[in-house]
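In: Sequence first, then the predicted structure:
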Amino acid sequence: EYDQQQPRPPHKTQRSRICVCIRKRPLNANEIDAQMNDVIRSDNESNLAVCEPKVKVDLTKYTCVHRFRFDEVFGEQCNNTDVYDRTAAGLIDTVFE
């Protein structure tokens, strides 16, 4: 389930590997006040889904789900330390070697 967002331990990556990461932000106050729906779901690991609401020609509503896979996906509950530990920490160690 993409709604479960539990912190994970630092990700162990290879030193020379390029990683593609994404961080999901929570809805801001204006979006909440406007009663906007959060259409992004993440599992706080490597999967992200965009749940796009659509309407068919006959006015039937449905949701089109676009799934994406990244090296790292950071959910709303992740803090800057989590992001640093799982992405930049290994790079910093390599630079100073």
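Out: Nice, thanks for sending it over. Computed from a predicted model, the values in this text were never measured in an experiment.

In: mind checking the longest helix of the chain?
Out: For the chain, the helix with the greatest residue count under DSSP state H is helix 89-95.

In: State the mean pLDDT of that helix.
Out: Model confidence over helix 89-95, given as mean pLDDT, is 78.

In: Can you give the distance of that helix from its chain's centre?
Out: 23 Å (C-alpha atoms, centre = their mean, to the nearest Å).

In: tell me which residues in it are buried?
Out: Taking 16 or more other C-beta atoms under 10 Å as the basis for neighbour counts, the residues of helix 89-95 that come out buried are G90. Where C-beta positions appear, they are placed from N, C-alpha and C, glycine not excepted.

In: Okay, G75 and R23: tell me how far apart.
Out: Here the criterion is C-beta to C-beta, to the nearest Å. By it, G75 lies 8 Å from R23.

In: Of the two, give the one with the bigger neighbour count.
Out: Neighbours around G75 and R23, counted as other C-beta atoms under 10 Å, are more numerous at G75. The numbers are 24 against 15.

In: mind listing what the more buried one touches?
Out: Taking C-beta atoms under 8 Å, 6 or more residues apart in numbering, we find G75 in contact with Q5, K24, S42, D43, N44.

In: Extract the C-alpha set from the lowest-mean-pLDDT helix or strand in the chain and format it as PDB.
Out: Ranking every helix and strand in the chain by mean pLDDT, DSSP states H and E puts helix 89-95 at the bottom, with a mean of 78. Taking Å, rounded to 0.1, in the frame of the first residue of the first chain, the C-alpha atoms of helix 89-95 are listed here in PDB:
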ATOM      1  CA  ALA A  89      26.300  10.800   3.100                       C
ATOM      2  CA  GLY A  90      28.000   8.300   0.800                       C
ATOM      3  CA  LEU A  91      29.000  11.000  -1.700                       C
ATOM      4  CA  ILE A  92      30.600  13.100   1.000                       C
ATOM      5  CA  ASP A  93      32.600  10.100   2.200                       C
ATOM      6  CA  THR A  94      33.800   9.500  -1.300                       C
ATOM      7  CA  VAL A  95      34.800  13.100  -1.900                       C
END
